[in-house]
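Peer 1: Let me see the structure of the following:
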Amino acid sequence: MRRAIGLLVLVLVAVGCGGSGGGGAAGGGGGELPPLSAAWFGSGYDQGNLGVTGRAADFKAGTPIVAVGTLLRARNPDEVSITISTGGSVRKTLPPTAGSGQTYVVDLTPLGLGPGGYLISFVDKAGKQLASGSFNVKP
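Peer 2: Residues are numbered from 1 along each chain as shown. Down below sits the predicted model:
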């Protein structure tokens, strides 16, 4: 049984990483959606499909930064929070800016993140990681 569940998870991850080129939400939109259990970063997000726009892994300090995470399964918005970590420590925990179901967005711009590497994790109430990704801020 454990093997079957593991195989199912691998298939779901492979499908999530498939070659559709992003933007795969119903109704379409201009942004790209990350694969399951991943977070992508960009300068904004599409309000139609919640996909990330201006996707990047490196940002200049002071520029807009948003994170879009795709969870393995749908969650209620009140069950999801986002942790911002740097240097191995959680520096801040935020509620989602937008989202529902499997896709959530957080606007990191108001934090004024300084130069460094950041890990963003979408977590449940117990602190279990649901999706994550990292990016760098350069001076």
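Peer 1: where along the protein do the helices fall?
Peer 2: 2-16 (DSSP state H).
Peer 1: could you check the distance from residue 73 over to residue 102?
Peer 2: For residue 73, the distance to residue 102 (CB to CB, to the nearest Å) stands at 7 Å. Every residue, glycine included, has its C-beta placed from N, CA and C.
Peer 1: actually residue 117, not the one I typed
Peer 2: Between residue 117 and residue 102 the computed distance is 26 Å (CB to CB).
Peer 1: Compare these two and say which one has the larger neighbour count.
Peer 2: Legend: neighbour count by other CB atoms under 10 Å for residue 117 and residue 102, higher for residue 102 (19 against 12).
Peer 1: can you tell me which residues contact that one?
Peer 2: Contact analysis of residue 102 by CB atoms under 8 Å, 6 or more residues apart in numbering lists 36, 70-75.
Peer 1: Let's see if you can find the most crowded of these.
Peer 2: Neighbour tally across the contacts of residue 102 (other CB under 10 Å): the maximum, 25 neighbours, falls on residue 70.
Peer 1: which one is that residue nearest to, not counting chain neighbours?
Peer 2: Distances taken as CB to CB, 6 or more residues apart in numbering place residue 34 nearest to residue 70, at 4.8 Å, with adjacent residues excluded.
Peer 1: Pretty sure that neighbour sits against residue 68.
Peer 2: Yes: using CB atoms under 8 Å, residue 34 is in contact with residue 68, at 6.1 Å.
Peer 1: So for the two, which residue has more residues nearby?
Peer 2: More crowded of residue 34 and residue 68, by other CB under 10 Å: residue 68, with 33 against 22.
Peer 1: List the contacts of the more buried one.
Peer 2: 31, 33-34, 39-42, 45, 50-52, 103-105.
Peer 1: Distance-wise, check it relative to residue 38.
Peer 2: 9 Å.
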